[in-house]
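Colleague: Need coordinates for the following:
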Amino acid sequence: MIRNLEPPDLDTVLDIWLDASLKAHDFIDPAFWRSQVENMRNLYLPASETCVIERETRVVGFYSLLDSQLAALFVAPDCQGQGLGKQLIAHAKTQRAELTLAVYKNNQPSCQFYLSQGFVVTHEQTDEQTGQPEYLMSTVDTDPQ
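Modeller: Residues are numbered from 1 along each chain as shown. Here you go, the predicted structure:
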């Protein structure tokens, strides 16, 4: 089930974010991710529209939208590879006609995932916080409705 983030979900979402970030971004110092937890809690998540996905009443993933940007998409490491990310992307696509995102170039599994979900690389840039190269990606809803 996908639903809106509720206050009791916050600590679980932060744990998922940190665990998945550490796993997916082993090319960035883990101290960086740990230093960002309070910013996630107090700045980024409150500024975003966030939905969580549950499995048997356990929150196992989430996505956050900031305007049309997919600012976050994370699945608990022990639940990855089970289609949850695809479900979250499909849900996010129902919320906006177009989605954009940034993904680290060195995070090839995520790059391939987003490409498989209809995103295209629009250009490359360097992330100011980490100095890492990243792709900017976008998808446009081609259904004229």
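Colleague: So in this structure, where's the weakest helix or strand by average pLDDT?
Modeller: Across the helices and strands of the chain, mean confidence by mean pLDDT, DSSP states H and E is lowest for strand 133-140: a mean of 93.
Colleague: Contacts for that strand, please.
Modeller: For strand 133-140, the external contacting residues (C-beta atoms under 8 Å, 6 or more residues apart in numbering) are 93, 97-106, 111, 114-115, 117-127. Placement of C-beta: from N, CA and C, glycine included.
Colleague: Can you flag which of those residues belong to helices?
Modeller: Using DSSP state H, the members of the contacts of strand 133-140 that fall in helices are 93, 111, 114-115.
Colleague: got CSV for these, with distance to G85, neighbour count and pLDDT too?
Modeller: Compiled in CSV, those are given as follows (distance: C-beta to C-beta, whole Å; neighbours: other C-beta atoms under 10 Å; pLDDT from 0 to 100):
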residue, distance to G85, neighbour count, pLDDT
K93, 13, 17, 95
C111, 13, 18, 96
Y114, 9, 24, 97
L115, 13, 14, 96
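Colleague: Now the two most distant members of those residues.
Modeller: Using C-beta to C-beta, the ones in helices among the contacts of strand 133-140 span at most 18.2 Å, a distance reached by K93 and C111.
Colleague: remind me, longest helix of this structure?
Modeller: Max-length helix for the chain by DSSP H is helix 10-24.
Colleague: Put the alpha carbons of stretch 91-110 into CSV.
Modeller: The C-alpha coordinates for stretch 91-110 follow below in CSV (Å, rounded to 0.1, in the frame of the first residue of the first chain):
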residue,chain,number,x,y,z
HIS,A,91,2.8,6.2,-8.1
ALA,A,92,4.9,9.3,-8.4
LYS,A,93,4.2,9.5,-12.1
THR,A,94,0.5,9.7,-11.3
GLN,A,95,1.2,12.8,-9.2
ARG,A,96,3.0,14.9,-11.9
ALA,A,97,3.0,15.1,-15.7
GLU,A,98,6.8,15.3,-15.7
LEU,A,99,9.4,14.2,-13.2
THR,A,100,13.0,15.2,-13.0
LEU,A,101,15.7,13.8,-10.8
ALA,A,102,19.5,13.8,-10.1
VAL,A,103,21.4,10.6,-9.6
TYR,A,104,25.0,10.0,-9.0
LYS,A,105,26.8,8.8,-12.2
ASN,A,106,28.7,6.2,-10.0
ASN,A,107,25.4,4.7,-8.8
GLN,A,108,25.0,2.6,-11.9
PRO,A,109,22.3,0.3,-10.5
SER,A,110,20.1,3.4,-9.8
